[in-house]
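Asks: build me a model from this:
(4 chains)
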2 protein chains.
Amino acid sequence: MPATIRDVARLAGCSIKTVSRVVNGEPYVTEETRARVQAAIRAVGYAPNISARRLVQNKSFQICILMYPGLLQPASGILSLIMDIGYEENYDILFQPYFPTHARSKRKLVSLIYEHRIDGFVTTPPCDAEDFVSELLDTFKVPLVQINPFNRPEKTPFVASDDIEGARGMMEHLLGLGHRRIAFLMGPRNMRASFDRLEGYKQALEAHSIPFDPALVRDSEFTFDGGYTAARLLLEGSPRPTAIFAGNDEAALGAIYAARELGLDVPGGLSVCGCDDIAAAGRTWPGLTTIHMPAEELIETAVRLLIQILKGSLPSSNQVFLQSRLVLRGSTAPPAEAST
Amino acid sequence: MPATIRDVARLAGCSIKTVSRVVNGEPYVTEETRARVQAAIRAVGYAPNISARRLVQNKSFQICILMYPGLLQPASGILSLIMDIGYEENYDILFQPYFPTHARSKRKLVSLIYEHRIDGFVTTPPCDAEDFVSELLDTFKVPLVQINPFNRPEKTPFVASDDIEGARGMMEHLLGLGHRRIAFLMGPRNMRASFDRLEGYKQALEAHSIPFDPALVRDSEFTFDGGYTAARLLLEGSPRPTAIFAGNDEAALGAIYAARELGLDVPGGLSVCGCDDIAAAGRTWPGLTTIHMPAEELIETAVRLLIQILKGSLPSSNQVFLQSRLVLRGSTAPPAEAST
DNA sequence: CTGTTAGCGCCTTCAT
DNA sequence: ATGAAGGCGCTAACAG
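Replies: Numbering: from 1, shown residues only, chains lettered A, B, ... in the order given. Just a heads-up that it's a prediction; the model follows:
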């Protein structure tokens, strides 16, 4: 049975309140008593009981990250980064699988609020696709920070990256290499990134006075299989695109697989590029050219922002934008028939 | 302010204890009162306050999974599976990054036990490499279930896969294709899998009366970079191996990358195979031949076993073995110079 | 079958 | 600068 605050008080010869003050770094304790209490704490091996603290403060000191199992792939690095922040800040961090529109997910969320009294939430796409989550949390006055949310209402805290800009940059790269028939693999409709990346694609075409061809835009659902299927269809059709810009890396890997299967060399016969810069992007020959999304920073910023809000220090800026950047690897090259 | 048990009692016209009984599904309540209480619960929107329950029962209803950030890559599927089990069983599941030998990790672990009173732990390799964790938990009488532990003392609960058998099976596959110079990429020394897989490699060689050549065994640390480097050295040396059996898939992907970089076709000029069957294995052309490790089942079994133990029902078997199986994909083929 | 009482360990309030 | 009392919401133990 671990020591309680009373054991410490007895040993230090003071009241439990004084121990409490020392433990929580509150003022109004003589240096001398403080030292004596601290010695007693060490002597009995005291650590505060979190459950008791939670009960009396009516806080859980837990925050919850809602994630869609199919898309969020917490690289182990991200996961351990998040857990470390939690440890530093004395918050438990729980992950909750969440499928938008699923009744079961909604029930879980409600019970999380009711029973656990989770102090705050972070959403990742596409968990914010419906307004259910934000409205529910709003009703219960539970703070929420969104990562790359679908909508960006004023005053809602969120952390986002600029997908339009990123996609446009990638298109400039492909266009600069000489590509003109560039296919685009679209993502699911419940994620803002799908639309924003498409928008960047269109803007770049327009800037270069290349007509937008809807036949070159296919759905990929941001999955390997989706990218594979879309690429097969594109590559078996005619005229073939000389490059495929996949809305995310998973789809890009599927496209590369499809190309290889058809005997097409990448990048010799087809350029492929993606978006996100997942770990696998650098580990597949010849290396996937992609847009590095600052996943670590996004989630770290979101978690820290939430904790700041929970601690009551309203930050100057609730809405943070982070930069992406192009990562050129081996999967893009000038088109075979290009005239240099 | 959410409703408390007292609000329900008032509305249902009974004592709080009766409400408690209904909430916890205890016997000795008339069907009629039970119904009345349940109606009251719904009416006021009552849900028990978990912090209070935790305090009074002196349990945290939290379990913690210790993981080594570099190696455990919780595919999103696994992560959400785990969280779902936790939800079903009413346990919060926390992940804790843990580096064996690091003082900071040890401190975190101690504070987790002291403050959070975590009810039980699961370790993943190589977190169990030293005896620190198991001894600490033993001292505090905190239950522990290990996944693929380094040692397998009697009566220690663990869940494991048979790596020797798996590796031998893979070797039979390569030998059956006609390979004789097969290199092996070893993993870190603090993981049992490293040794067991090497053992399987050796056993297969011996069964085929092929002398063991230490020069064909290289360290890869079970990482992409490690596999890449080891493969470069192997392939630039002479005579070249005709196949590389990597101790895990990450290293195998590194080896494939190295081969491609040297202009060697896989599997035409070199066969490569791995172990684990991570998601990327099926997504890299031409598909990585590997041993499917039942990662989901391992962790699910471990978590369920731990929860069983925590609930006091001592399961018949504390030590569970799960089968692996060969997954043949495109990265292995007969050697070029083989005589069929 | 149902209710009463007594804490769990801590923090808050208000005295001193 | 310190302490005493009260209560957070719940369950365990014991009465009725």
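Asks: okay, how far is it across stretch A:122-140, tip to tip?
Replies: Start to finish, the residues bounding stretch A:122-140 are 15 Å apart (CA to CA, to the nearest Å).
Asks: report the buried residues of it.
Replies: A:Val122, A:Thr123, A:Thr124, A:Pro125, A:Pro126, A:Cys127, A:Asp128, A:Ala129, A:Val133, A:Ser134, A:Leu136, A:Leu137 (16 or more other CB atoms under 10 Å in any protein chain shown). Placement of C-beta: from N, CA and C, glycine included.
Asks: for stretch A:106-114, same thing?
Replies: Using 16+ other CB under 10 Å as the test for burial, stretch A:106-114 gives A:Lys106, A:Lys108, A:Leu109, A:Leu112, A:Ile113, A:Tyr114.
Asks: quickly check: that stretch near chain B or not.
Replies: Yes. Judged by CB under 8 Å from any CB of the partner chain, stretch A:106-114 and chain B are in contact via A:Lys108, A:Ser111, A:Tyr114.
Asks: what's the answer for stretch A:291-304, then?
Replies: No. Judged by CB under 8 Å from any CB, stretch A:291-304 makes no contact with chain B; its nearest approach is 12.3 Å.
Asks: put the alpha carbons of that stretch into PDB.
Replies: Taking C-alpha atoms only, stretch A:291-304 is exported to PDB below (Å, rounded to 0.1, in the frame of the first residue of the first chain):
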ATOM      1  CA  ILE A 291       5.400  16.700 -50.400                       C
ATOM      2  CA  HIS A 292       6.600  16.500 -46.900                       C
ATOM      3  CA  MET A 293       3.700  17.200 -44.500                       C
ATOM      4  CA  PRO A 294       4.800  18.200 -41.100                       C
ATOM      5  CA  ALA A 295       2.800  15.400 -39.400                       C
ATOM      6  CA  GLU A 296       4.900  15.500 -36.200                       C
ATOM      7  CA  GLU A 297       4.700  19.200 -35.900                       C
ATOM      8  CA  LEU A 298       1.000  19.300 -36.600                       C
ATOM      9  CA  ILE A 299       0.100  16.900 -33.900                       C
ATOM     10  CA  GLU A 300       2.600  18.200 -31.400                       C
ATOM     11  CA  THR A 301       1.300  21.700 -32.000                       C
ATOM     12  CA  ALA A 302      -2.300  20.600 -31.700                       C
ATOM     13  CA  VAL A 303      -1.700  18.700 -28.400                       C
ATOM     14  CA  ARG A 304       0.300  21.500 -26.900                       C
END
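Asks: and chain A, which of its residues are near DNA strand C?
Replies: For chain A, the contact set with DNA strand C under CB under 7 Å from any atom of the strand comprises A:1, A:4-6, A:16-17, A:20, A:23-24, A:46, A:48-49, A:52-53, A:55-57.
Asks: cross-check these against chain B and keep the overlap.
Replies: A:Pro48, A:Asn49, A:Ala52, A:Leu55.
Asks: in helices only, show me those.
Replies: Under the assignment DSSP state H, those contribute A:Ala52, A:Leu55 to helices.
Asks: which one of the ones next to chain B among the residues of chain A next to DNA strand C sits in the busiest neighbourhood?
Replies: For these, neighbours were counted using other CB atoms under 10 Å in any protein chain shown, and A:Asn49 has the most, 21 neighbours in all.
Asks: distance of A:Ala230 from DNA strand D?
Replies: 51 Å (CB to the nearest atom of the strand, to the nearest Å).
Asks: swap in A:Lys108?
Replies: A:Lys108 is 19 Å from DNA strand D, where distance means CB to the nearest atom of the strand.
Asks: so where's chain A uncertain?
Replies: Residues of chain A that meet the criterion pLDDT under 70 lie in A:1, A:70-76, A:337-340.
Asks: on that earlier part again, which one of the residues of stretch A:106-114 next to chain B is nearest to A:Pro214?
Replies: A:Pro214 lies nearest to A:Lys108 out of the residues of stretch A:106-114 next to chain B, by CB to CB, at 39.3 Å.
Asks: count residues in the vicinity of the residue in chain A positioned nearest to DNA strand C, would you?
Replies: Residue nearest to DNA strand C within chain A: A:Ile5 (2.9 Å; CB to the nearest atom of the strand). Neighbour count for A:Ile5, taken as other CB under 10 Å: 19.
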